[in-house]
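>>> have a look; sequence and predicted model below, questions after that.
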Amino acid sequence: MRSTSETRREVFAWFGAVAYQAQCFEVECRILLLFMQRAKNPQVTLAEVETLDARLTARNLGFLLRELKKGMWLHPEFEGLLNQYREKRNYLMHRFFSAHSFDFATETGCRKMISELTELHATLKEADEIAQAMSKKIRQHLHWSEEKLEAFYRVTLRRETGVDLDEAEPNQILDATSEPTPSADPSAHQG
């Protein structure tokens, strides 16, 4: 039988995975805005893109979604969906643990938290996938092939992490790019 402390560690693992997924969504929204800027102004310089990226990085998800709305028409249902994603992300980061303060004391409560976190993970993964699909459409409009995008990511990864995908050991690549996702079956995790 598992102890409550082991299950608490699993709660933390799931929370981390969901926070990571929320961050992926937020980053993809930034990427989408950067590609939108490129679509509006094909002559934009790398320095201008880096300045915009730094400005967007300093802003919150609500700001990013408002900027998306300014830059493109969003169907009202889709806009509502994006706002729901933002609300779920904000709930996770600002209210999840306080909403479950008593649950955290028991095994049953921790299982309840894990169940909610797995749902939040799936929802925020869906949000990220939608943002990625939107980015892909804009990249296609800009005639950015998957090869060009991969080359861009390789340069960015090398600049941000120091990892060169052509020369790196497999563990270096995994450490720099892997997604920390707990077991899909919370009961399978053994601490």
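That came through fine.

>>> residue 44: what secondary structure?
Three-state call for residue 44 (DSSP: H, G, I helix; E, B strand; the rest coil): coil.

>>> roughly how far does it sit from residue 145?
19 Å (C-beta to C-beta, to the nearest Å). Where you see a C-beta, it was placed from the backbone N, CA and C, and this is true even at glycine.

>>> name the residue in those two with the higher neighbour count.
Under the neighbour definition other C-beta atoms under 10 Å, residue 44 and residue 145 were set side by side, and residue 44 has more, 15 against 10.

>>> give me the pLDDT for the more buried one.
Per-residue pLDDT puts residue 44 at 82.

>>> wait, it sits on residue 38?
Yes - if you go by C-beta atoms under 8 Å, residue 44 and residue 38 touch, sitting 5.8 Å apart.

>>> low-confidence stretches in this structure?
1-2, 153, 156-157, 159-191 (pLDDT under 70).

>>> buried stuff in the one helix or strand residue 126 maps to?
Assigned by DSSP states H and E, residue 126 belongs to helix 107-141. Buried residues in helix 107-141, counted by 16 or more other C-beta atoms under 10 Å: 109-111, 113-114, 116-118, 120-121, 123-125, 127-128, 130-131, 134-135, 138-139.

>>> tell me what angle the biggest helix by length in the chain forms with helix 107-141.
For the chain, the helix with the greatest residue count under DSSP state H is helix 4-40. Counting by axes from the mean of the first three to the mean of the last three C-alpha atoms, to 10 degrees, helix 4-40 lies at 20 degrees to helix 107-141.
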